[in-house]
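Participant: I'll drop the sequence and a predicted model, then ask my questions.
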Amino acid sequence: MIPLASGERIHLVDKKGRVYRLHLKAGEIFHFSGETIAHDEIIGLEDGSEVVLSRGIRFFALRPTLAEYTLHMKRGAQILYPKDLAIIPLWADIYPGATVIEAGIGSGALTIPLLNAVGDKGRLISYELREDFARRAIKNIEDYFSVSPLNDRLLVRNQSIYEGIVEEAVDRIVLDLPEPHLVVPHAVEKLRSGGIFLSFLPTVPQVEKVVAALQDARVFESIETFETMLRPWSVDGRSVRPSLRMVAHSGFITTARKVTRLVREQVPEASSFDLDT
Ligand code: SAH
């Protein structure tokens with residue numbers, strides 16, 4: 001067990017599930033509705049411990065999950081929702097040790113699960129046009145990891161990915177920006193054979209453009225597009241039904257696999273009649 005420590009941001013959750021955010025600092029006092037508790041009484045406790053304020057209000061002291069952390073972190077750009085943050089690393093097949101290109105970094109919400117997925121031996125290179133967004137994202141990422149991943153397994157490039165990708169033979173390319181079709185020619189050049197291209201896009205015309213670009217490039221197979229919907233339910237005694245509100249739309253995910261075609265001389269004679277020309 002790693003005890004709650006001074007400097008951590010935690011959640012105090014009441015019995016109705018309401019969440020109060022608290023930045024733990026030794027020597028400080030938390031005030032709530034006329035009651036108090038010293039941060040020092042919380043520091044050192046196990047994650048999930050119950051705490052009691054001066055006149056009896058009780059809370060559970062919990063470390064935020066990554067989904068909660070990303071929803072609350074400071075934003076430059078619009079962030080991806082947890083449902084998409086959960087799906088993207090698996091559908092892009094990010095694996096430990098992979099070299100992954102991301103663009104843009106935005107607020108860094110996707111960067112964190114991508115770093116988790118590449119692990120200690122992987123590398124993530126994130127292209128971001130706006131320096132102010134990059135700075136904000138780095139701050140969010142450093143606050144999340146106790147050891148800064150910068151310069152070690154994370155490199156942030158303050159440049160447009162539409163102009164090109166510096167790295168060679170990359171394993172995966174993950175894009176959350178408006179014109180991923182402009183990245184397709186660079187993916188043709190810099191993605192290794194067997195590598196995966198993934199883009200997240202909010203509107204249909206954008207999807208049409210990226211799919212057309214992938215098809216025209218002639219080196220992508222398994223070009224697939226889908227969306228996900230997460231519908232929360234309210235389960236309360238005999239009232240068991242979908243919640244009244246949900247996020248009805250976030251974006252479409254398109255994936256494609258880079259392949260290497262046989263050059264004509266390598267195709268065996270016998271099968272030349274059924275060549276797809
Ligand atoms: N996935 C991010 C949000 C990305 S928002 C998150 O969850 O936090 C889109 C980002 O792409 C913005 O920060 C924008 O500045 C950046 N961007 C747009 N065009 C770009 C380009 N050509 N090259 C690099 N970054 C770009």
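Facilitator: Everything's here; your move.

Participant: Tally up the residues packed near E221, please.
Facilitator: The local packing count at E221 equals 11, with neighbours defined by other C-beta atoms under 10 Å. To be clear about C-beta, it is placed using only N, CA and C from the backbone, and glycine gets the same treatment.

Participant: Now do the buried residues in the helix or strand it falls within.
Facilitator: In this structure, E221 is located in strand 220-226 according to DSSP states H and E. If you call a residue buried by 16 or more other C-beta atoms under 10 Å, then strand 220-226 has these buried ones: F220, I223, T225.

Participant: ditto for stretch 91-111
Facilitator: Of the residues in stretch 91-111, those buried (16+ other C-beta under 10 Å) are 91-94, 98-111.

Participant: now the buried residues of strand 220-226 as a markdown table including distance to the ligand and pLDDT?
Facilitator: Written out in a markdown table, the entries for these read as follows (distance: C-beta to the nearest ligand atom, whole Å; pLDDT from 0 to 100):
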| residue | distance to the ligand | pLDDT |
| --- | --- | --- |
| F220 | 20 | 98 |
| I223 | 21 | 98 |
| T225 | 18 | 98 |
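
Participant: for those, which one is nearest F30?
Facilitator: T225 (47.3 Å; C-beta to C-beta).

Participant: For that closest one, give me its contacts.
Facilitator: Counting by C-beta atoms under 8 Å, 6 or more residues apart in numbering, T225 makes contact with V207, V211, F252, I253, T254, T255.

Participant: Looking at the residues you listed, state which has the most neighbours.
Facilitator: Highest neighbour count within these: T254, with 22 neighbours (other C-beta under 10 Å).

Participant: Surely that one is in a strand?
Facilitator: Yes: in this structure, T254 lies within a strand as judged by DSSP: H, G, I helix; E, B strand; the rest coil.

Participant: for V51, what are its contacts?
Facilitator: Taking C-beta under 8 Å, 6+ apart, we find V51 in contact with L12, I37, E41, I42, L45, R58, F59, F60, A61.

Participant: For beta bridges, what are the partners of the nearest residue in space to the fourth one that is not next to it in sequence?
Facilitator: Of all residues not flanking I42 in the chain, A61 sits nearest, at 5.2 Å (C-beta to C-beta, 6 or more residues apart in numbering). Under the criterion DSSP bridges, A61 forms beta bridges with L12, S49.

Participant: any idea which residue sits dead centre in this protein?
Facilitator: L110 (2.0 Å; C-alpha atoms, centre = their mean).

Participant: And the pLDDT for that one?
Facilitator: L110 carries a pLDDT score of 98 in this model.

Participant: Likewise for the one 3 residues further on?
Facilitator: In the predicted model, P113 carries a pLDDT score of 98.

Participant: what helices or strands is the particular helix or strand that has D171 in it leaning on?
Facilitator: Secondary-structure assignment from DSSP H and E places D171 in strand 170-175. When contacts are defined as 3 or more C-beta pairs under 8 Å, 6 or more residues apart in numbering; DSSP states H and E, strand 170-175 packs onto strand 99-103, helix 184-190, strand 191-201.

Participant: Buried deepest among these, which one?
Facilitator: Among the helices and strands packed on strand 170-175, strand 99-103 has the highest mean neighbour count (mean count of other C-beta atoms under 10 Å), at a mean of 25.

Participant: Output the helices and strands packed on strand 170-175 as a markdown table; include the columns mean pLDDT and distance to E142.
Facilitator: Shown next, in a markdown table, are these (pLDDT from 0 to 100; distance: least, C-beta to C-beta, whole Å):
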| stretch | mean pLDDT | distance to E142 |
| --- | --- | --- |
| strand 99-103 | 98 | 16 |
| helix 184-190 | 98 | 28 |
| strand 191-201 | 98 | 24 |
